[in-house]
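>>> Here is a sequence with its predicted model. Questions after.
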Amino acid sequence: MQPKQITVATNVNPAPGFDRGRWNSNPMDVEHPAPRVIIADDHALVRGGIAMLMRILDKDCEVIETNSYERTLAALSEHQDIDLVLLDLLMPGLNGIDDVIHICKTWPDVPIVLVTVEENNSVIQAALNAGVSGYIPKSSTPEVTMSAIRLVLSGGIYVPMSAIRSPEGASIVDDRRELGPPARPGAKPGLTKRQCEILELIALGKSNKAISEELGLTPGTVKAHLSRIFKALKVKNRTEAARKYSSL
């Protein structure tokens, strides 16, 4: 298993195809299901631009556009197997980090990435602590934006350069480094020691918040672990993961 990735690169060349769950990393494989992404922003031009980037990354990407917090909640409730939500922090109806926390708690297995003009380090820190899987400033280039999305869909967490360079950024990096290295011999196949601990807590019915408190992790780190767990066990949700883990 590869160690957890954190990227702050500004000159990168995104490649087609993703590697998260049902997203197939091989662009020549036509069997993979079409990815399904919610783009939530009140500006049609922004939604259209992000949709174009998504279809550059995967031409079969299914994009669901919403222009308010209420419609975003409705889309999440109505559609199954959402692979990613790209969410504007300043969208109408969304009351800041509190509503972001609500989305992360209600749909804990869906990666949430904030795409916003807000670049305040304390807001970025609060968002990551709330459980988002990435924070993309709207000042980012298309290349960086696509690479950030690819990273998140690979099970990583994207942290912008401004946050990495801040004093708060050091704690973010340290927390994310906890996600590797691979488990020692004798551990469950494809899982780290920490991921086994998380699976044991999931089997006890504990929430992401409870797991993060018990293990001293941020909710975002727990969610990133879950993404890697689902991929390693080839499952889609917590119930399937706990069941398969118990049979190993």
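Noted; the coordinates are in hand. From a predicted model like this one, the values you see are computed outputs, not experimental measurements.
>>> Who are the contact partners of the closest residue to residue 95 other than its chain neighbours?
The shortest distance from residue 95 to any non-neighbouring residue, by CB to CB, 6 or more residues apart in numbering, is to residue 69 (7.9 Å). (Glycine included, C-beta is placed from N, CA and C.) Applying CB atoms under 8 Å, 6 or more residues apart in numbering to residue 69 gives the contacts 40, 91-95, 99.
>>> can you do 7 Å?
Residue 69 is in contact with 91-94, 99, counting by CB atoms under 7 Å, 6 or more residues apart in numbering.
>>> List only those of those residues flagged as buried.
Buried residues within the contacts of residue 69, defined by neighbour count using 16 or more other CB atoms under 10 Å: 91, 94, 99.
>>> Could you find the closest non-adjacent residue to the first one?
Beyond its immediate neighbours in the sequence, the residue positioned closest to residue 91 (CB to CB, 6+ apart) is residue 42, lying 5.1 Å away.
>>> before we move on, what about the second one?
Closest residue in space to residue 94, ignoring its immediate chain neighbours: residue 69 at 4.0 Å, by CB to CB, 6+ apart.
>>> lowest average confidence, helix or strand, in this protein?
Ranked by mean pLDDT, DSSP states H and E, the helix or strand of the chain with the weakest confidence is helix 167-177, at a mean of 52.
>>> Give the next helix or strand downstream of that one.
Under the assignment DSSP states H and E, the closest C-terminal helix or strand after helix 167-177 is helix 193-203.
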